[in-house]
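Peer 1: here's my sequence, what's the structure:
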Amino acid sequence: MLIEATLAALAVFICFAGNYLTGQSMMERPLVVGLVTGILMGDMRTGVLMGASLEAIFLGNVNIGGVIAAEPVTATTLATTFAIISNIEQNAAMTLAVPIGMLAAFVVMFLKNVFMNIFAPFLDKAAREDNQKMIVGLHYGTWIIYYLIIASIAFIGILAGSGPVNTFVENIPERLMNGLSAAGGLLPAVGFAMLMKLLWDNKLAVFYILGFVLTAYLELPAVAVAVIGVVICVVSAQRDLQMRDISTNGNNNHAAGTMTKEEEEDDFFA
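Peer 2: All right, here's what the predicted structure looks like:
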(Lines give C-alpha, C1' and ligand atoms only; values in the text may rest on other atoms or scores of the structure.)
Protein backbone atom coordinates (compact mmCIF):
# COMPACT_ATOMS: atom_id res chain seq x y z
CA MET A 1 0.00 0.00 0.00
CA LEU A 2 3.05 2.25 0.10
CA ILE A 3 2.64 3.14 -3.57
CA GLU A 4 -1.07 3.94 -3.17
CA ALA A 5 -0.37 6.04 -0.08
CA THR A 6 2.33 7.97 -1.94
CA LEU A 7 0.04 8.57 -4.90
CA ALA A 8 -2.75 9.76 -2.60
CA ALA A 9 -0.37 12.23 -0.94
CA LEU A 10 0.80 13.38 -4.39
CA ALA A 11 -2.83 13.98 -5.45
CA VAL A 12 -3.45 16.12 -2.36
CA PHE A 13 -0.26 18.11 -2.93
CA ILE A 14 -0.97 18.69 -6.63
CA CYS A 15 -4.54 19.86 -6.09
CA PHE A 16 -4.26 21.68 -2.77
CA ALA A 17 -0.84 23.27 -3.20
CA GLY A 18 -1.31 23.85 -6.92
CA ASN A 19 -4.60 25.65 -6.29
CA TYR A 20 -2.95 28.47 -4.35
CA LEU A 21 0.18 28.51 -6.48
CA THR A 22 -1.99 29.20 -9.54
CA GLY A 23 -4.06 31.92 -7.88
CA GLN A 24 -6.90 29.79 -6.51
CA SER A 25 -7.82 28.23 -9.83
CA MET A 26 -10.35 25.86 -8.19
CA MET A 27 -8.03 22.87 -8.40
CA GLU A 28 -9.05 22.04 -4.83
CA ARG A 29 -12.66 21.29 -5.81
CA PRO A 30 -13.69 17.61 -5.41
CA LEU A 31 -14.48 17.35 -9.12
CA VAL A 32 -10.83 18.06 -10.00
CA VAL A 33 -9.39 16.17 -7.02
CA GLY A 34 -11.37 13.05 -7.90
CA LEU A 35 -10.16 13.20 -11.50
CA VAL A 36 -6.50 13.63 -10.49
CA THR A 37 -6.74 10.86 -7.89
CA GLY A 38 -8.42 8.53 -10.36
CA ILE A 39 -5.74 9.16 -12.98
CA LEU A 40 -2.93 8.48 -10.50
CA MET A 41 -4.67 5.35 -9.18
CA GLY A 42 -5.39 4.02 -12.68
CA ASP A 43 -9.19 4.25 -12.43
CA MET A 44 -10.23 7.58 -13.90
CA ARG A 45 -13.90 6.55 -14.21
CA THR A 46 -14.27 5.96 -10.46
CA GLY A 47 -12.34 9.13 -9.75
CA VAL A 48 -14.66 11.25 -11.89
CA LEU A 49 -17.79 9.66 -10.41
CA MET A 50 -16.55 10.12 -6.85
CA GLY A 51 -15.43 13.68 -7.54
CA ALA A 52 -18.79 14.63 -9.05
CA SER A 53 -20.70 13.08 -6.14
CA LEU A 54 -18.50 14.73 -3.50
CA GLU A 55 -18.71 18.06 -5.33
CA ALA A 56 -22.43 18.02 -4.60
CA ILE A 57 -21.74 17.33 -0.92
CA PHE A 58 -19.14 20.07 -0.49
CA LEU A 59 -20.84 22.51 -2.86
CA GLY A 60 -22.01 24.74 -0.03
CA ASN A 61 -18.79 24.45 1.95
CA VAL A 62 -17.50 27.96 2.67
CA ASN A 63 -14.28 28.65 4.57
CA ILE A 64 -14.02 32.14 6.05
CA GLY A 65 -10.70 33.37 7.45
CA GLY A 66 -9.17 30.84 9.80
CA VAL A 67 -12.46 29.01 10.36
CA ILE A 68 -12.74 25.95 8.12
CA ALA A 69 -15.96 23.93 7.94
CA ALA A 70 -14.42 20.95 6.13
CA GLU A 71 -11.37 20.16 4.04
CA PRO A 72 -12.62 18.66 0.76
CA VAL A 73 -9.25 17.83 -0.85
CA THR A 74 -8.11 15.25 1.71
CA ALA A 75 -11.66 13.94 2.08
CA THR A 76 -12.07 13.43 -1.67
CA THR A 77 -8.63 11.86 -2.09
CA LEU A 78 -9.08 9.35 0.74
CA ALA A 79 -12.66 8.47 -0.19
CA THR A 80 -11.74 8.00 -3.85
CA THR A 81 -8.64 5.96 -3.00
CA PHE A 82 -10.59 3.70 -0.64
CA ALA A 83 -13.27 3.24 -3.30
CA ILE A 84 -10.62 2.16 -5.83
CA ILE A 85 -8.21 0.03 -3.81
CA SER A 86 -10.61 -1.41 -1.23
CA ASN A 87 -13.57 -2.09 -3.51
CA ILE A 88 -15.89 -0.13 -1.22
CA GLU A 89 -19.21 0.83 -2.77
CA GLN A 90 -19.09 4.44 -3.90
CA ASN A 91 -21.98 5.64 -1.72
CA ALA A 92 -20.37 4.05 1.33
CA ALA A 93 -17.03 5.71 0.49
CA MET A 94 -18.85 9.04 0.18
CA THR A 95 -20.12 8.60 3.72
CA LEU A 96 -16.51 8.29 4.92
CA ALA A 97 -15.62 11.59 3.25
CA VAL A 98 -17.58 13.78 5.68
CA PRO A 99 -15.80 12.79 8.94
CA ILE A 100 -12.46 12.68 7.11
CA GLY A 101 -13.05 16.22 5.84
CA MET A 102 -13.93 17.48 9.33
CA LEU A 103 -10.85 15.83 10.87
CA ALA A 104 -8.59 17.29 8.20
CA ALA A 105 -10.18 20.70 8.79
CA PHE A 106 -8.96 20.67 12.40
CA VAL A 107 -5.42 19.95 11.21
CA VAL A 108 -5.58 22.76 8.65
CA MET A 109 -6.90 25.20 11.26
CA PHE A 110 -4.04 24.28 13.60
CA LEU A 111 -1.50 24.78 10.84
CA LYS A 112 -2.92 28.14 9.77
CA ASN A 113 -3.63 29.62 13.19
CA VAL A 114 -0.77 28.17 15.27
CA PHE A 115 2.05 26.40 13.45
CA MET A 116 2.60 28.80 10.55
CA ASN A 117 2.76 31.76 12.93
CA ILE A 118 6.23 30.54 13.89
CA PHE A 119 7.54 32.00 10.64
CA ALA A 120 5.86 35.40 11.07
CA PRO A 121 8.76 37.06 13.00
CA PHE A 122 11.24 35.96 10.34
CA LEU A 123 9.04 37.44 7.61
CA ASP A 124 8.66 40.70 9.55
CA LYS A 125 12.43 40.91 9.97
CA ALA A 126 12.99 40.30 6.25
CA ALA A 127 10.46 43.01 5.41
CA ARG A 128 12.11 45.54 7.74
CA GLU A 129 15.50 44.82 6.22
CA ASP A 130 14.09 44.78 2.67
CA ASN A 131 15.60 41.32 2.20
CA GLN A 132 13.83 40.22 -0.96
CA LYS A 133 15.61 36.88 -1.21
CA MET A 134 14.60 35.93 2.33
CA ILE A 135 10.98 36.94 1.69
CA VAL A 136 10.82 34.80 -1.47
CA GLY A 137 12.56 31.92 0.30
CA LEU A 138 10.11 32.05 3.22
CA HIS A 139 7.18 32.30 0.85
CA TYR A 140 8.00 29.15 -1.10
CA GLY A 141 9.59 27.37 1.86
CA THR A 142 6.51 27.71 4.06
CA TRP A 143 4.35 26.79 1.06
CA ILE A 144 6.19 23.47 0.70
CA ILE A 145 6.17 22.74 4.46
CA TYR A 146 2.48 23.59 4.86
CA TYR A 147 1.22 21.43 2.01
CA LEU A 148 3.60 18.56 2.67
CA ILE A 149 2.11 18.29 6.16
CA ILE A 150 -1.40 18.26 4.74
CA ALA A 151 -0.40 15.68 2.11
CA SER A 152 1.04 13.51 4.86
CA ILE A 153 -2.48 13.15 6.29
CA ALA A 154 -3.53 11.29 3.15
CA PHE A 155 -0.31 9.27 3.17
CA ILE A 156 -0.76 8.13 6.77
CA GLY A 157 -4.49 7.57 6.30
CA ILE A 158 -4.03 5.25 3.34
CA LEU A 159 -0.98 3.50 4.75
CA ALA A 160 -2.49 2.85 8.18
CA GLY A 161 -6.15 2.71 7.25
CA SER A 162 -6.37 0.67 4.09
CA GLY A 163 -5.83 -2.65 5.86
CA PRO A 164 -8.41 -2.08 8.60
CA VAL A 165 -10.82 -0.68 6.05
CA ASN A 166 -10.54 -3.84 3.94
CA THR A 167 -11.16 -6.01 7.00
CA PHE A 168 -13.99 -3.78 8.14
CA VAL A 169 -15.70 -3.86 4.75
CA GLU A 170 -15.47 -7.64 4.51
CA ASN A 171 -17.26 -7.99 7.85
CA ILE A 172 -19.90 -5.31 7.36
CA PRO A 173 -23.41 -6.78 7.48
CA GLU A 174 -25.41 -6.35 4.31
CA ARG A 175 -28.07 -4.28 6.07
CA LEU A 176 -25.47 -1.88 7.45
CA MET A 177 -23.84 -1.50 4.04
CA ASN A 178 -27.25 -0.77 2.53
CA GLY A 179 -27.74 1.89 5.20
CA LEU A 180 -24.38 3.48 4.42
CA SER A 181 -25.23 3.47 0.72
CA ALA A 182 -28.58 5.14 1.40
CA ALA A 183 -26.90 7.76 3.60
CA GLY A 184 -24.36 8.44 0.88
CA GLY A 185 -27.17 8.99 -1.58
CA LEU A 186 -28.71 11.62 0.72
CA LEU A 187 -25.50 13.57 1.27
CA PRO A 188 -25.66 15.54 -2.02
CA ALA A 189 -29.02 16.92 -0.90
CA VAL A 190 -27.29 18.24 2.23
CA GLY A 191 -24.69 20.00 0.09
CA PHE A 192 -27.37 21.68 -2.04
CA ALA A 193 -29.28 22.66 1.09
CA MET A 194 -26.18 24.41 2.48
CA LEU A 195 -25.77 26.27 -0.81
CA MET A 196 -29.44 27.30 -0.88
CA LYS A 197 -29.17 28.62 2.67
CA LEU A 198 -26.42 30.98 1.51
CA LEU A 199 -28.07 32.10 -1.74
CA TRP A 200 -31.78 31.95 -0.93
CA ASP A 201 -33.93 34.91 -1.90
CA ASN A 202 -37.72 35.03 -2.15
CA LYS A 203 -37.36 36.34 -5.69
CA LEU A 204 -35.58 33.10 -6.64
CA ALA A 205 -38.30 30.85 -5.20
CA VAL A 206 -40.11 30.55 -8.52
CA PHE A 207 -36.95 29.24 -10.23
CA TYR A 208 -36.41 26.73 -7.42
CA ILE A 209 -39.97 25.45 -7.87
CA LEU A 210 -39.42 25.19 -11.63
CA GLY A 211 -36.20 23.20 -11.16
CA PHE A 212 -37.89 20.90 -8.63
CA VAL A 213 -40.78 20.18 -11.01
CA LEU A 214 -38.45 19.55 -13.95
CA THR A 215 -36.32 17.15 -11.90
CA ALA A 216 -38.84 15.38 -9.67
CA TYR A 217 -41.87 15.11 -11.96
CA LEU A 218 -40.54 15.39 -15.51
CA GLU A 219 -37.37 13.47 -14.53
CA LEU A 220 -35.12 15.62 -16.70
CA PRO A 221 -31.35 15.06 -16.26
CA ALA A 222 -29.23 17.72 -14.55
CA VAL A 223 -27.69 18.78 -17.87
CA ALA A 224 -31.11 19.53 -19.37
CA VAL A 225 -32.15 21.53 -16.30
CA ALA A 226 -28.87 23.46 -16.47
CA VAL A 227 -29.47 24.30 -20.15
CA ILE A 228 -32.96 25.57 -19.32
CA GLY A 229 -31.44 27.69 -16.56
CA VAL A 230 -28.92 29.18 -19.01
CA VAL A 231 -31.75 30.01 -21.43
CA ILE A 232 -33.70 31.76 -18.67
CA CYS A 233 -30.60 33.74 -17.67
CA VAL A 234 -29.97 34.86 -21.27
CA VAL A 235 -33.59 35.91 -21.79
CA SER A 236 -33.65 37.79 -18.48
CA ALA A 237 -30.38 39.56 -19.30
CA GLN A 238 -31.68 40.62 -22.73
CA ARG A 239 -34.90 41.92 -21.19
CA ASP A 240 -32.97 43.92 -18.59
CA LEU A 241 -30.80 45.45 -21.33
CA GLN A 242 -33.89 46.43 -23.33
CA MET A 243 -35.51 48.02 -20.28
CA ARG A 244 -32.30 49.92 -19.56
CA ASP A 245 -32.13 51.19 -23.15
CA ILE A 246 -35.78 52.26 -23.05
CA SER A 247 -35.23 54.10 -19.78
CA THR A 248 -32.07 55.79 -21.10
CA ASN A 249 -33.69 56.85 -24.36
CA GLY A 250 -36.76 58.14 -22.53
CA ASN A 251 -34.64 60.29 -20.24
CA ASN A 252 -32.66 61.65 -23.20
CA ASN A 253 -35.83 62.50 -25.12
CA HIS A 254 -37.31 64.18 -22.07
CA ALA A 255 -34.13 66.20 -21.56
CA ALA A 256 -34.03 67.19 -25.22
CA GLY A 257 -37.67 68.28 -25.17
CA THR A 258 -37.37 70.44 -22.06
CA MET A 259 -37.00 74.20 -22.76
CA THR A 260 -36.79 77.15 -20.42
CA LYS A 261 -39.50 79.83 -20.42
CA GLU A 262 -37.20 82.33 -22.09
CA GLU A 263 -36.33 79.81 -24.80
CA GLU A 264 -40.01 79.14 -25.43
CA GLU A 265 -40.78 82.90 -25.73
CA ASP A 266 -37.85 83.46 -28.10
CA ASP A 267 -39.01 80.51 -30.19
CA PHE A 268 -42.61 81.82 -30.24
CA PHE A 269 -41.71 85.35 -31.32
CA ALA A 270 -39.05 84.25 -33.79
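
Peer 1: in this protein, which residue is closest to the centre?
Peer 2: residue 29 (4.3 Å; Cα atoms, centre = their mean).

Peer 1: and that one, what does it touch?
Peer 2: Residue 29 makes contacts with 55, 58, 72, as judged by Cβ atoms under 8 Å, 6 or more residues apart in numbering. Placement of C-beta: from N, CA and C, glycine included.

Peer 1: which of those has the weakest pLDDT?
Peer 2: Least confident of the contacts of residue 29 in the model: residue 58, at 80.

Peer 1: mind listing what's buried along stretch 127-137?
Peer 2: Buried positions in stretch 127-137, judged by neighbour count with 16 or more other Cβ atoms under 10 Å: residue 134.

Peer 1: and it, how far out from the chain middle?
Peer 2: Chain-centre distance of stretch 127-137: 34 Å, with Cα atoms, centre = their mean, to the nearest Å.

Peer 1: can you pull out the helices in the stretch 151-270 of the chain?
Peer 2: Assigned by DSSP state H, counting those that start in this stretch, the stretch 151-270 of the chain shows helices spanning 174-199, 205-216, 222-257, 261-269.

Peer 1: of the ones you listed, which shows the lowest average pLDDT?
Peer 2: helix 261-269 (a mean of 56).

Peer 1: ok, now how distant is the residue nearest to the centre of the chain from residue 102?
Peer 2: 18 Å (Cβ to Cβ, to the nearest Å).

Peer 1: before we move on, what about residue 44?
Peer 2: 27 Å.

Peer 1: cool, and residue 27?
Peer 2: 21 Å.

Peer 1: so for these two, which sits in the more crowded spot?
Peer 2: residue 27 (19 against 14; other Cβ atoms under 10 Å).

Peer 1: just the pLDDT for residue 136.
Peer 2: 91.

Peer 1: and the helix or strand containing it, what does it pack against?
Peer 2: Using DSSP states H and E, residue 136 sits within helix 132-170. Under the contact criterion of 3 or more Cβ pairs under 8 Å, 6 or more residues apart in numbering; DSSP states H and E, helix 132-170 touches helix 2-12, helix 72-85, helix 90-113, helix 120-128.

Peer 1: any idea how far residue 214 is from residue 221?
Peer 2: Residue 221 is 10 Å from residue 214, by Cβ to Cβ.

Peer 1: so which of these two has more stuff around it?
Peer 2: Set residue 221 next to residue 214 and count neighbours by other Cβ under 10 Å: residue 214 wins out with 17 against 10.

Peer 1: with adjacent residues omitted, what lies nearest to that one?
Peer 2: residue 220 (4.8 Å; Cβ to Cβ, 6 or more residues apart in numbering).

Peer 1: what about that neighbour, how many neighbours?
Peer 2: Counted with other Cβ under 10 Å, residue 220 comes out at 16.

Peer 1: for it, grab phi and psi.
Peer 2: Main-chain dihedrals, residue 220, degrees, to the nearest 10: phi -80, psi 150.

Peer 1: again, but for residue 200
Peer 2: phi -60, psi 140.

Peer 1: any idea how far it is from residue 41?
Peer 2: Counting by Cβ to Cβ - residue 200 and residue 41 are separated by 38 Å.

Peer 1: for the stretch 1-150 of the chain, which spans come out with low pLDDT?
Peer 2: Within the stretch 1-150 of the chain, the segments meeting pLDDT under 70 span 60-69, 87.

Peer 1: related to what we said a few turns ago, mutual contacts of residue 221 and residue 214, please.
Peer 2: Common contacts of residue 221 and residue 214 (Cβ under 8 Å, 6+ apart): none found.
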